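Asker: Got a sequence here, can you build the structure:
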Amino acid sequence: MSAQAAVAVRNAPRVIPPPSPFGELLRRSKFAAFDPEIRQTYTAPASYIHRGNWGLKRPIANRNRDTTIVLRKFEEHAQYIEWDRADGQAKLIKRVEEQNIAPDLVMFSPWYYGLGQAANTKQSGLDSDFCPGESSEVQRLRDERVADDKGSVPLKLQPLPSLSGSESSASTSAVLSINGTKQINFDNLGRRGPGQYGSKSAMPREDRREEESFLQPNIRAMTPLQFRRYVEKLRTLRPAFLEYTRTRLAEDREKNRKVMSTIDVNDLSDQELVHVLGLEARKKNLHVGFLGRYTEEHVYKEEVEEEEEDPEAAAELANKPQPIKKQPHKLGGLMYAAPSQMETFFYSKPAPGFVLQDITPVAGAHSHTSGTEKDVIAAFAGLTVHLPSRDSQGALPLYEPSTSDGLNVDRIPDPSGSGSETIDTSKSEREMRLIDLKVDQVPRVVGSGVHSYSLGFTKLRGTVATKNVGANFRTNPEPIGSIAYNGMMPPQTKSSNIYGNGAPSTFSSRSFPLFKKPSPQPSMKGALPTDSAVQQNKSEFLDALMSMVRKKPGSGSSEQS
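Answerer: Numbering: from 1, shown residues only. So this is what the prediction gives:
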């Protein structure tokens, strides 16, 4: 009996086999979630790429290290794999990450309106329900790292607001109290009167309408058939839109909010309402608010009172697929980190760039004898970016339509010694740093034809500055705010901004040495100032007083003379 038990134990499988081959494939293969309608990028270790092994059914002829691929078809009936390179897309993401800059959105673009409430928050959007810090709605949560009095048990986090925008069961409070400490009301910070923190708060800014922050239908992602059906649906909503416009314009006249005309909207017909007040409705984006309100109420919030009365209808409704509320990544996956401006300044280094042409090319604008300065377009980090003239350090654009060959370069002998001539592009080369990046339109990655265009639909707006300019390079080595730091600040030009009549003065864009040697001054000990010096100081003092008391134009009083 013991011998039979020993044989049974010896013959027993040491590893329990998976319940099905698909379960094993799902755990081991990264292509288990492959969808031919989504342009997904795949990579593999360098040692595997060298042998052509990408985890597919058969090796492919792509043995370049540090490369990525996109699968068009996982397996053809002719027993081959259809794939394409995706190095350009992957390298663009890497270049933006190397610049370590937090991108922003272009205001009022189609992508901006399509994001809804996520476009107005600092967070990148909700990517996962398991990430409580990434929410499209602003909510103050308790710090989970703080333990209670009994031990290291973290405090309970408040529930996240629902994605549909419905009221949560738990109310959100702006008052924070941890372990019996003093309560802090965040809503009162900055409004507590003179002598305390934030006594001079910023001017209140009018927020967007609630309807404008709702999600909008993304017409760029629709097929031609879906777009035609969407337009037909909009035509049926015209009476509801006119009623919505009339109601909103009447509310604005009651509240006296940016009213462009005193005409009573109730006295106008539908046709007169469009012709007379159509421009005001367009400037107030009432069409955006109407589409957002309609999408929120009729797509994501269906009325189910009748179905709830019937148990069978309620059970059928529970099993019915519900529309998924769209919540794309705010930046389209371009950057998941959010570095501050200080991190960008200290952790990113200038990289080579190339000045291409003027924004509005004019013949002879940048000739060798011309001193005209214009903003130019530069090539940097794989992007065409904007380079202001004040930050270009006199770089000449390469393209010049007034010349015979269209280039603004000098001819120099070939350094290789072949006796021929080559072009000198040193006047168009500069080391640059990306100081601003905005997302206008994200790439199309879903659809049947997305594999042929890759980044063709992507629009990014970047602004760069050359290496040795004040907006890009710290020329003052002293600690910020110290007396030595203020003593080494560059002199400001005479401007009304210094005396508060305009925007606050900024750091000059000129370059200054790190350690400025004081210029020798003649000894004035025992000597009296000359009459010219006294007169000059007196005139400068009077000019300063005049600038301080001068009234702004249109304020109702004339300037003091």
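Asker: Could you list the buried residues of the lengthiest strand in the chain?
Answerer: Counting by DSSP state E, the longest strand found in the chain is strand 429-441. Buried positions in strand 429-441, judged by neighbour count with 16 or more other CB atoms under 10 Å: Arg430, Met432, Arg433, Leu434, Ile435, Leu437, Lys438, Val439. C-beta coordinates here come from the backbone N, C-alpha and C atoms, glycine included.
Asker: cool, and stretch 336-350?
Answerer: Burial within stretch 336-350, assessed by neighbour count using 16+ other CB under 10 Å, is assigned to Pro339, Thr344, Phe345, Ser348, Pro350.
Asker: again with stretch 419-428
Answerer: Applying a neighbour-count criterion of 16+ other CB under 10 Å, one finds Lys427, Ser428 buried in stretch 419-428.
Asker: got the contact list for it?
Answerer: Stretch 419-428 has contacts (CB atoms under 8 Å, 6 or more residues apart in numbering) with 354-356, 395-398, 407-415.
Asker: rerun at 10 Å
Answerer: Contacts of stretch 419-428 with the rest of the structure, by CB atoms under 10 Å, 6 or more residues apart in numbering, involve 353-357, 366, 368, 376, 378-379, 394-399, 405, 407-416.
Asker: Now the terminal residues of it, how far apart.
Answerer: In terms of CA to CA, to the nearest Å, the two terminal residues of stretch 419-428 are separated by 24 Å.
Asker: follow-up on the earlier one: buried subset of the contacts of stretch 419-428?
Answerer: Among the contacts of stretch 419-428, the ones that count as buried by 16+ other CB under 10 Å are 353-357, 366, 376, 378-379, 395-399, 407-409.
Asker: now, which of those lie within strands?
Answerer: Counting by DSSP E, the part of those found in strands is Gly353, Phe354, Val355, Leu356, Gln357, Val376, Ala378, Ala379.
Asker: now for those, which pair is the farthest apart?
Answerer: Using CB to CB, those span at most 13.6 Å, a distance reached by Gly353 and Gln357.
Asker: Overlap in contacts, the two.
Answerer: In contact with both Gly353 and Gln357: Ala378, Ser428, using CB under 10 Å, 6+ apart.
Asker: which SS state does Val70 fall under?
Answerer: Recorded secondary structure, Val70: strand (DSSP: H, G, I helix; E, B strand; the rest coil).
Asker: List the residues that contact it.
Answerer: Applying CB under 10 Å, 6+ apart to Val70 gives the contacts 38-42, 82-86, 89-90, 445, 450-451, 454.
Asker: Thr67 now?
Answerer: Counted by CB under 10 Å, 6+ apart, Thr67 has contacts Thr43, Ala44, Ala46, Ile49, Arg85, Ala86, Asp87, Ala90, Lys91.
Asker: what about the nearest residue to the third one once chain neighbours are set aside, distance to Arg51?
Answerer: When you say that, I think you mean Ala46. Leaving aside its sequence neighbours, Ala46 sits nearest to Arg65 (CB to CB, 6 or more residues apart in numbering; 4.7 Å). Per CB to CB, to the nearest Å, Arg65 is found 12 Å from Arg51.
Asker: all helices of this protein, in order?
Answerer: 2-11, 21-28, 46-50, 87-99, 110-115, 224-236, 238-255, 270-283, 286-298, 305-309, 311-318, 341-347, 483-487, 531-549 (DSSP state H).
Asker: which one of the ones you listed has the lowest average pLDDT?
Answerer: Note on the helices of the chain: helix 305-309 shows the lowest mean pLDDT, a mean of 50.
Asker: isn't Arg246 right up against Ile263?
Answerer: No: if you go by CB atoms under 10 Å, Arg246 and Ile263 don't touch, sitting 11.8 Å apart.
Asker: So for those two, which residues contact both of them?
Answerer: Common contacts of Arg246 and Ile263 (CB under 10 Å, 6+ apart): Leu273, Leu277.
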